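Visitor: My questions are about this predicted structure, shown below with the sequence.
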Amino acid sequence: MGKITGFMEFDRKVEGYAPVEERIKNYKEFTEPLKESELKNQGARCMDCGIPFCHSGCPLGNLIPDFNDAVYQGKWQKAAKILHSTNNFPEFTGRLCPAPCEEACVLGINEDPVSIENIEKNIVETAFKNGWIQPEPPSKRTGKKVAVIGSGPAGLATAQQLNRAGHEVTVFERDEKIGGLLRYGIPDFKMEKNVIDRRLKVMKKEGIEFKTGVHVGVDVTATELKQDFDAIVLCGGATVRRGLPIPGSDLKGVVQAMDFLPQNNRKVDGIPYKGEELTAKGKKVIVIGGGDTGSDCIGTSIRHGAASVTNFEIMPMGTTERPEGQPWPFWPMRLRTSSSHKEGAERVFSISTKHFNGDKDGNLKSLVTVQVEWVTTPGQRPILKEVAGSEKEWDCDLALLALGFTGSETTIADQLGLEMDPRTNIKASVANYKTNVPGVFVAGDQRRGQSLIVWAISEGRQAAHHVDAYLMGQSYLPLKGEGDLPRV
Ligand SMILES: Cc1cc2nc3c(=O)[nH]c(=O)nc-3n(C[C@H](O)[C@H](O)[C@H](O)COP(=O)(O)OP(=O)(O)OC[C@H]3O[C@@H](n4cnc5c(N)ncnc54)[C@H](O)[C@@H]3O)c2cc1C
Ligand code: SF4
């Protein structure tokens with residue numbers, strides 16, 4: 001375990017950020033790493049409690065007390081080995097995970113939890129710096145061919161696991177570069193894209209083939225792929241965006257976040273983009289939607305040089321403390337303030353947009369809102385009610401819609417005859433990730449709906465186990481922990 005008295009001796013410490021006025025001048029990551037001695041002290045805070053609830057808090061089942069202890073002892077290579085035994089890409093989660101493990105940390109009951117995510121990031125960065133992350137090609141090939149469609153975290157995790165099991169894996173991606181939302185959704189200031197490229201280099205050396213610019217269902221039908229491969233794993237994400245069907249939503253200046261953010265990431269990367277330039281420069285920006293995507297729109301608009309940035313959230317403002325009814329170790333729905341929120345956005349809660357107003361040329365000029373409240377009746381779902389007389393008009397020349405996604409595209413599902421679930425995701429059970437068509441599996445956001453990177457990696461790993469078992473009759477690829485999922 002960490003140091004027996006560590007949790008009493010050391011306070012929680014996490015990475016700091018560069019000052020706002022500096023970091024908004026560019027799109028680079030701006031965290032200020034902890035010193036090695038500080039990281040060891042953070043590892044020492046882990047109590048190695050009898051039942052480490054952080055294990056179940058982490059969707060990957062990361063062996064957190066074990067790598068915390070290794071870090072405390074300065075055994076970084078050992079820590080990297082432990083970490084990679086459950087997580088293919090800790091450099092993504094160490095930067096971007098909301099860290100449900102920390103909400104489940106036992107120390108968090110009455111103290112600040114262990115800074116698990118920062119420790120994770122530093123383990124993997126130390127491992128890359130020291131050349132410990134090397135290609136791990138399989139010692140022999142099985143002769144089975146697997147197509148993975150989509151190269152987000154789910155596709156990448158699936159591909160790496162199946163390649164390690166000896167199968168020939170080809171990843172098909174319709175975008176020009178690999179990474180899914182890691183590449184084209186999440187801005188560089190949260191994760192610079194060389195972090196993806198560094199890992200891809202290793203994966204290519206392991207023998208995984210990547211085909212970019214191939215839109216499956218369009219450039220090649222899923223039925224053709226089915227004939228050419230022994231198994232297909234769909235990892236295409238939940239890409240259908242939620243719209244805001246209110247009057248004026250077709251005005252010039254009402255823009256989907258997932259048009260705005262990918263274009264900016266392409267610009268930062270020097271990749272040509274299609275369509276008109278979308279810029280927030282000098283504009284009064286209103287970001288509608290208070291989640292991760294909304295937060296990324298705020299940071300990007302501020303870096304563009306927006307005149308002002310306001311963020312609307314339909315839910316009431318949360319408390320900073322755990323709400324009653326969401327006790328430890330569960331994930332609490334509380335107020336979360338991102339680094340982008342701190343860069344100069346005004347946040348407005350319990351607000352709903354009624355309509356957009358434009359000028360005679362069809363340009364967005366303002367929008368009208370009402371305050372809302374959620375009325376709860378015992379035993380029933382909360383109902384949204386408008387507050388009478390609360391209408392307000394806001395000047396606005398760029399409204400960014402960050403309202404989430406409604407599910408998976410259906411082209412491939414139609415071609416293969418796949419069943420969808422009631423939430424428009426491709427239907428497959430978490431017990432085996434199999435669709436209704438033999439040999440076709442699905443993982444990540446395309447199965448579970450809009451979610452998190454850590455879940456995408458977790459589903460990719462789990463699906464890989466079941467694909468391997470389907471192809472070989474049994475699988476030695478690890479499943480998450482032991483217990484609730486049946487072994488094949
Ligand atoms: C703006 C934004 C910010 C986010 N920030 C965070 C965050 O900070 N932390 C976090 O944990 N999560 C975050 N998320 C959520 C996270 O990015 C997703 O949950 C995760 O990327 C899902 O992984 P995936 O592999 O299932 O799908 P995706 O990452 O969506 O990848 C799917 C890939 O499949 C490709 N594809 C789809 N259909 C086809 C086809 N027919 N042929 C070929 N290719 C195809 C797509 O082009 C895409 O590259 C964010 C999401 C967004 C939109
Ligand atoms: S992947 Fe996320 S939940 Fe798991 S240990 Fe890392 S930060 Fe925690």
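Guide: Everything's here; your move. Ligands and ions are numbered 1, 2, ... in the order given.

Visitor: Look at the closest residue in space to Lys205 that isn't next to it in sequence and say how many residues are nearby.
Guide: Closest residue to Lys205 apart from its sequence neighbours, by Cβ to Cβ, 6 or more residues apart in numbering: Pro135 at 3.8 Å. Every residue, glycine included, has its C-beta placed from N, CA and C. Residues contacting Pro135 under the criterion other Cβ atoms under 10 Å number 13.

Visitor: how near is the residue of the chain positioned farthest from its centre to ligand 2?
Guide: Distance from the C-alpha centroid of the chain, by Cα atoms, centre = their mean, peaks at Lys360 (40.2 Å). To ligand 2, Lys360 is 51 Å away according to Cβ to the nearest ligand atom, to the nearest Å.

Visitor: Which element, helix or strand, includes that residue?
Guide: In the assignment (DSSP states H and E), Lys360 maps to no helix and no strand.

Visitor: picking up where we left off before, kindly state the pLDDT recorded for the residue nearest to Lys205?
Guide: With respect to pLDDT, Pro135 scores 98.

Visitor: Angles on the backbone of it, please.
Guide: Note on Pro135: backbone dihedrals following degrees, to the nearest 10 are phi -60, psi 140.

Visitor: same deal with Gly16?
Guide: Taking degrees, to the nearest 10 as the convention, Gly16 sits at phi -90, psi 180.

Visitor: Kindly report the same for Arg347.
Guide: Here is the backbone geometry of Arg347 (degrees, to the nearest 10): phi -110, psi 130.

Visitor: element containing the closest residue to it other than its chain neighbours?
Guide: Distances taken as Cβ to Cβ, 6+ apart place Asn311 nearest to Arg347, at 4.9 Å, with adjacent residues excluded. According to DSSP H and E, Asn311 maps onto strand 308-312.

Visitor: Show me what that strand is in contact with.
Guide: Residues outside strand 308-312 that contact it (Cβ atoms under 8 Å, 6 or more residues apart in numbering): 280, 284-290, 294-295, 298, 301-302, 341, 344-348, 351-353, 369, 394, 396.

Visitor: at 6 Å what do you get?
Guide: 284-288, 294, 298, 301-302, 345-348, 351 (Cβ atoms under 6 Å, 6 or more residues apart in numbering).

Visitor: what's the answer for stretch 20-37, then?
Guide: 15-18, 188-189, 192, 268, 302-303, 343.

Visitor: Show me which pair in those residues is furthest apart.
Guide: Gly16 and Val268 (23.5 Å; Cβ to Cβ).

Visitor: Of the two, which one has the most company?
Guide: Comparing Gly16 with Val268 by other Cβ under 10 Å, the one with more neighbours is Val268, at 18 against 11.

Visitor: That one contacts Asp188, correct?
Guide: Yes - at 5.1 Å, Val268 counts as touching Asp188 under the criterion of Cβ atoms under 6 Å.

Visitor: what's the neighbour count on Glu321?
Guide: By other Cβ under 10 Å, the residues close to Glu321 number 9.

Visitor: and it, which of the three is it?
Guide: Recorded secondary structure, Glu321: coil (DSSP: H, G, I helix; E, B strand; the rest coil).

Visitor: same question, Leu400
Guide: Quick answer, by three-state DSSP: Leu400 is strand.

Visitor: which residues does it contact?
Guide: Contacts of Leu400 by Cβ under 6 Å, 6+ apart are 255, 257, 260, 287, 297.

Visitor: Gly439 too?
Guide: Contacts of Gly439 (Cβ under 6 Å, 6+ apart): Ala231.

Visitor: cool, and Asp228?
Guide: So Asp228 contacts nothing (Cβ under 6 Å, 6+ apart).

Visitor: picking up where we left off before, can you tell me who the residue nearest to Arg347 pairs with across the strands?
Guide: Beta bridges link Asn311 to Val287, Arg347 when assigned by DSSP bridges.

Visitor: what about it, neighbour count?
Guide: Every residue meeting other Cβ under 10 Å relative to Asn311 is counted, giving 25.
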